[in-house]
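>>> return a 3D structure for these sequence lines:
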Amino acid sequence: MRAALECTRESSFEMWFQRLVDKNFEQKDSIMPRGDKSAYTEKQKRMAKHIEASYEDRGVTGDEAARRAWATVNATDHGGKKSGSGRGKATNRAPSKKGGRLEGAASSARSAVARSASAKKAAATRERHAANVKKQSAR
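Prediction:
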């Protein structure tokens, strides 16, 4: 009797597990594949393209620039804006303004002597450029 009960338990567990696996497999087919941009509007795609170009101009690699660009678009617009993808959410401008708050972080990490030397070099360059402009205008 006990052996029959254990056999029934095992088979019911196997059936339950198989249903779980099948259910998860079916769900994976219906999930939007990673990298699919069909839920984004043209404006969002343009925005990501401009952000990506900006990162590449600053020396970030192409893949990382694209990743950061789409992360910024997602943070700003909360994902895609097309029908069925959660329309009507307010736009958050904070992610695109984040860089301005971090300005000066690199120079503050340097020593006072290094900052002073850099400032003196910049002042000398400005004087030299001003003198060159005066020479050219005197001609």
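>>> low-confidence stretches in this structure?
Along the chain, the parts satisfying pLDDT under 70 run over 1-10, 21-33, 83-88, 99-104.
>>> ok, now with 80
With pLDDT under 80 as the threshold, the chain has low-confidence stretches at 1-13, 15-35, 79-89, 96-108, 138-139.
>>> which parts of it are helices?
All helices of the chain, identified by DSSP state H, fall at 2-30, 42-57, 62-77, 94-101, 105-108, 112-138.
>>> redo those as CSV? Include distance to Asp36 and mean neighbour count.
In short, each C-beta sits where N, CA and C put it, glycine included. Formatted as CSV, the entries for the helices of the chain read as follows, by distance: least, CB to CB, whole Å; neighbours: other CB atoms under 10 Å:
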stretch, distance to Asp36, mean neighbour count
helix 2-30, 13, 9
helix 42-57, 12, 15
helix 62-77, 11, 16
helix 94-101, 22, 10
helix 105-108, 36, 8
helix 112-138, 47, 10
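>>> next up, the contacts around the nearest residue to Tyr55 once chain neighbours are set aside.
If you skip the residues right next to it in sequence, Tyr55 has Ala65 as its closest partner in space, 3.7 Å away by CB to CB, 6 or more residues apart in numbering. Shown in contact with Ala65 (CB atoms under 8 Å, 6 or more residues apart in numbering): 52-53, 55-56.
>>> quick check: the farthest pair among those residues?
Ala53 and Tyr55 (7.4 Å; CB to CB).
>>> of the contacts of Ala65, closest to Asn74?
The shortest approach to Asn74 among the contacts of Ala65 belongs to Glu52, at 13.5 Å (CB to CB).
>>> list the contacts for the closest residue to that closest one other than its chain neighbours?
Using CB to CB, 6+ apart and skipping residues adjacent in sequence, the residue nearest Glu52 is Ala69, 3.9 Å away. The contact partners of Ala69, taken as CB under 8 Å, 6+ apart, are 48-49, 51-52, 55.
>>> one more time with 6 Å, if that's ok
48, 51-52 (CB atoms under 6 Å, 6 or more residues apart in numbering).
>>> lovely, talk soon.
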